[in-house]
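Novice: Okay, predicted coordinates and the sequence, questions at the end:
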Amino acid sequence: MDVSISARHVKVTPRLEEVIQEKIGGLDHYLDGLDYAEVHFDEARNPRISDKEFCEVVIEGHGHHLRCKVHAPDPFTAIDMAEAKLERQIRKLRTRIQRRHQGDGTTIRATDDELAGWNSVGGSVPVPTSTGDAAETDDEVMPSIVKTKRFHLGPLTPDEAVLKMELLGHGFFFFINRETSRSAVVYLREDGDVGLIDEAG
């Protein structure tokens, strides 16, 4: 796997480059098709962050897209942390791919308790329910939408949606459920499993 290294406010020494090539470049033996990795270092500017070194790694190839971000006290620790995170992502992705090829019929569903903790907008996109006791006032400043993304919502099975979510490195994925022809969301649960919220018919 080809590895590209860039840095800002962080010195990439020959030894650090060697470690990056060994640890990040070696991740391709866990999954075929990982062709390219980009490693970027920067220094956190927030004084409240104790671990100043910031590292982001993106791996791509054959439709796979993996990404992780870590903060650490030094670049070498950051690479160790990134390697561990990416290895877990790759192992989970490989398991999903194997299940998909084997025709695993496992169904993923959100429990009633989980659904009770969500409100639905238009029956599809989950938003956390409010837990505060104080009512909002007109003087309070509401969050602003600062970024908008548009993408094609092709029909997918829940398992295909989970695979795409993991490839993108996101915590949830909105899609059209091929099995129901309705809007749906898959999301990562705190226990590491995946939940599915389907629009009511």
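Specialist: In hand now; what should we look at?
Novice: Near the residue nearest to residue 92 when sequence neighbours are not counted, how many other residues are there?
Specialist: Once flanking residues are discounted, residue 92 sits nearest to residue 166: 6.1 Å by C-beta to C-beta, 6 or more residues apart in numbering. In short, each C-beta sits where N, CA and C put it, glycine included. Residue 166 has 23 neighbours, counted by other C-beta atoms under 10 Å.
Novice: and the helix or strand that contains residue 166, what does it pack onto?
Specialist: Element membership of residue 166, judged by DSSP states H and E, is helix 158-168. Under the contact criterion of 3 or more C-beta pairs under 8 Å, 6 or more residues apart in numbering; DSSP states H and E, helix 158-168 touches strand 64-72, helix 75-102, strand 172-177, strand 182-188, strand 194-198.
Novice: elements contacting the third one?
Specialist: With contacts defined as 3+ C-beta pairs under 8 Å, 6+ apart, strand 172-177 has these neighbours: strand 155-156, helix 158-168, strand 182-188.
Novice: quick one: contacts for residue 162?
Specialist: Listed by C-beta atoms under 8 Å, 6 or more residues apart in numbering, the contact set of residue 162 reads 96, 108, 173, 186, 194.
Novice: rerun that using 6 Å as the cut-off
Specialist: By C-beta atoms under 6 Å, 6 or more residues apart in numbering, the residues touching residue 162 are 186, 194.
Novice: Could you measure from it over to residue 170?
Specialist: Distance, residue 162 to residue 170, by C-beta to C-beta, to the nearest Å: 11 Å.
Novice: do residue 53 as well
Specialist: Here residue 53 is placed at a distance of 24 Å from residue 170 (C-beta to C-beta).
Novice: domains for the protein, by residue range?
Specialist: Under the assignment automatic domain parsing, the domains of the chain span 2-102, 112-128+149-198.
Novice: helix/strand/coil for residue 38?
Specialist: Three-state call for residue 38 (DSSP: H, G, I helix; E, B strand; the rest coil): strand.
Novice: Likewise for residue 15?
Specialist: Here residue 15 is recorded as helix under three-state DSSP.
Novice: Quick check: the gap between the spatially most central residue of the chain and residue 86.
Specialist: When C-alpha atoms, centre = their mean is applied to the chain, the residue found nearest the centroid is residue 169 (2.2 Å). Per C-beta to C-beta, residue 169 is found 10 Å from residue 86.
Novice: that older thread, flag every buried residue along the helix holding residue 166.
Specialist: Buried positions in helix 158-168, judged by neighbour count with 16 or more other C-beta atoms under 10 Å: 158, 159, 160, 161, 162, 163, 164, 165, 166, 167.
Novice: cool, and stretch 8-17?
Specialist: Quick answer for stretch 8-17 (16+ other C-beta under 10 Å): 10, 16.
Novice: what comes into contact with that stretch?
Specialist: Outside stretch 8-17, the residues that touch it by C-beta under 6 Å, 6+ apart are 5, 41, 42, 43, 75.
Novice: taking the residues you listed one by one, which sit in strands?
Specialist: The strands, defined by DSSP state E, take in 5, 41, 42, 43 from the contacts of stretch 8-17.
Novice: For the third one, give me its contacts.
Specialist: When you say that, I think you mean residue 42. For residue 42, the contact set (C-beta under 6 Å, 6+ apart) comprises 8, 54.
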